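**Student:** Give me a model of this one.
(one chain, ligands or ions: 2)
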Amino acid sequence: MSEVNKRWPAPAKLNLMLRIVGQREDGYHLLQTVFQFIDLCDWLVFRPISDSVISLRNPLPGVPEDQDLTYRAARLLKDETGYKGGVVIEIEKHLPMGGGLGGGSSDAATTLVALNDLWRLRLSRERLMQLGLRLGADVPIFVFGHSAWAEGVGEVLQEIEVPEKWVVVLKPDCHVDTKEIFSSKDLTRDSKSIKIADFIAGQHQNDCLDVVRKFYPSVDGALRELSDFSEARLTGTGACVFAQFDTELAAKKAYLSLSRKWQSYLCKGMNRSPLYSSLNDA
Ligand SMILES: C[C@](O)(CO)[C@H](O)COP(=O)(O)OP(=O)(O)OC[C@H]1O[C@@H](n2ccc(N)nc2=O)[C@H](O)[C@@H]1O
Ligand SMILES: Nc1ncnc2c1ncn2[C@@H]1O[C@H](COP(=O)(O)OP(=O)(O)OP(=O)(O)O)[C@@H](O)[C@H]1O
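**Tutor:** Ligands and ions are numbered 1, 2, ... in the order given. As a prediction, this is how the structure comes out:
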């Protein structure tokens, strides 16, 4: 496929567990979390141009162009490498904002990886991850591109294989601001660290859950209804909640029942990000 019209995927992520084990001087929290992608994506098209201009063909409602994470990622690459050209970016948005699915972060990561390729910058994945961290704590995992056990603020990543189960995601009708949750006085910040084996044995807690369900009753409601079908969990700081299923049939049954009332998605877990399959097609 010609590069000009190539559509690059920006997948969503789930936090299959999320523990807050401390807090840094700068206020960022130290986490233990397990990231896995799902096959629900934003799609981006990049058209390189010779002018030193970065522009969005279809800016997102409510997000000033120069605040968009794709714009900021392109800007960061130009500033870091001195690249003289520009790009026109088109975003096909599917990931709900404020959903805990990492939509903006994933868009930023896809922009870093795609422009590194299209602009022939030849930066390493490690360098792109370092740059990604400057855009947000959730950006490195999307550049890393594989399911991971994460520590630090979310940038210390160890590749792991997690069962790729069917997933039903519900999006309650609210936008949860990540900063608001992490700033809450009620937030647990001193969970003890666990090992990967503890997670595999079933330790799935999300330390943001109590605060989010207290302040967002619609998240609480979605969790209760989803838990009728399977273990219901919160991803990130929400608002989205999810449940995993061993079979497509069981997932479809839950999805068809719940989608009458909730914005919902029937997805499949993915250990390898579709972004890198797409890169190999370049
Ligand atoms: C909750 C998660 O989605 C789990 O993957 C991430 O930790 C959040 O990642 P993110 O949305 O990219 O977060 P950022 O945009 O970097 O930070 C938004 C705000 O969340 C808080 N924040 C974020 C990550 C972190 N480890 N500790 C924090 O305290 C900070 O107040 C920060 O100002
Ligand atoms: N391209 C973009 N897509 C989505 N949000 C964007 C984008 N650019 C900037 N933003 C802003 O960033 C905010 C957070 O975006 P994002 O979708 O990553 O949060 P989220 O879905 O809650 O994921 P998480 O909190 O797990 O990182 C949005 O509410 C929006 O204001």
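**Student:** For the stretch 151-282 of the chain, which residues are neighbours of ligand 1?
**Tutor:** Proximity of the stretch 151-282 of the chain to ligand 1 (C-beta under 6 Å from any ligand atom) is limited to residues 153, 154, 178, 179, 182, 236, 237. All C-beta atoms are positioned from the backbone trio N, CA, C, and that covers glycine.
**Student:** ranges for the helices of the stretch 151-282 of the chain?
**Tutor:** Ranges of helices in the stretch 151-282 of the chain, per DSSP state H, counting those that start in this stretch, are 178-182, 196-200, 209-215, 217-226, 248-258, 274-280.
**Student:** Tell me how far the longest helix along the chain lies from the chain's centre.
**Tutor:** Counting residues, the longest helix in the chain under DSSP state H turns out to be helix 103-118. Mean-position distance between helix 103-118 and its chain equals 12 Å (C-alpha atoms, centre = their mean, to the nearest Å).
**Student:** go on, stretch 46-56?
**Tutor:** Relative to its chain's centre, stretch 46-56 lies at 25 Å (C-alpha atoms, centre = their mean).
**Student:** can it be found next to ligand 2?
**Tutor:** No - for stretch 46-56 and ligand 2, the contact criterion (C-beta under 6 Å from any ligand atom) is not met; the two come no nearer than 8.8 Å.
**Student:** Report the buried residues of that stretch.
**Tutor:** Residues of stretch 46-56 classed as buried: 46, 47, 48, 54, 55, 56 (neighbour count, 16 or more other C-beta atoms under 10 Å).
**Student:** Likewise for stretch 218-229?
**Tutor:** For stretch 218-229, the neighbour count (16+ other C-beta under 10 Å) marks 218, 219, 221, 222, 223, 225, 226, 229 as buried.
**Student:** Surely the fourth one and residue 170 touch.
**Tutor:** Yes - with contact defined as C-beta atoms under 8 Å, residue 222 counts as touching residue 170 (4.4 Å).
**Student:** Which members of the buried residues of stretch 46-56 are positioned in strands?
**Tutor:** When DSSP state E defines the strands, the subset of the buried residues of stretch 46-56 inside them is 46, 47, 48, 54, 55, 56.
**Student:** So the first one sits against residue 112, correct?
**Tutor:** Spelled out, that is residue 46. No - Residue 46 is not in contact with residue 112 according to C-beta under 8 Å; the separation is 11.2 Å.
**Student:** the strands in the stretch 1-150 of the chain, which residues?
**Tutor:** Taking DSSP state E, counting those that start in this stretch as the test, the strands found in the stretch 1-150 of the chain are 7-23, 29-49, 54-56, 86-92, 148-151.
**Student:** Ligand 1 versus the residue nearest to residue 80 when sequence neighbours are not counted, what's the distance?
**Tutor:** Excluding its sequence neighbours, the residue lying closest to residue 80 (C-beta to C-beta, 6 or more residues apart in numbering) is residue 131, at 6.3 Å. Relative to ligand 1, residue 131 is positioned 14 Å away (C-beta to the nearest ligand atom, to the nearest Å).
**Student:** need the contact list for residue 131.
**Tutor:** 73, 76, 77, 80, 112, 123 (C-beta atoms under 8 Å, 6 or more residues apart in numbering).
**Student:** Out of the helices and strands in the protein, which is least certain?
**Tutor:** The least trusted helix or strand in the chain, going by mean pLDDT, DSSP states H and E, turns out to be helix 274-280, with a mean of 83.
**Student:** Give the buried residues for that helix.
**Tutor:** Neighbour count says helix 274-280 has 274, 275, 278, 279 buried, by 16+ other C-beta under 10 Å.
**Student:** what about this structure, any weak spots by pLDDT?
**Tutor:** In the predicted model, the chain carries pLDDT under 70 at residues 1-4, 280-282.
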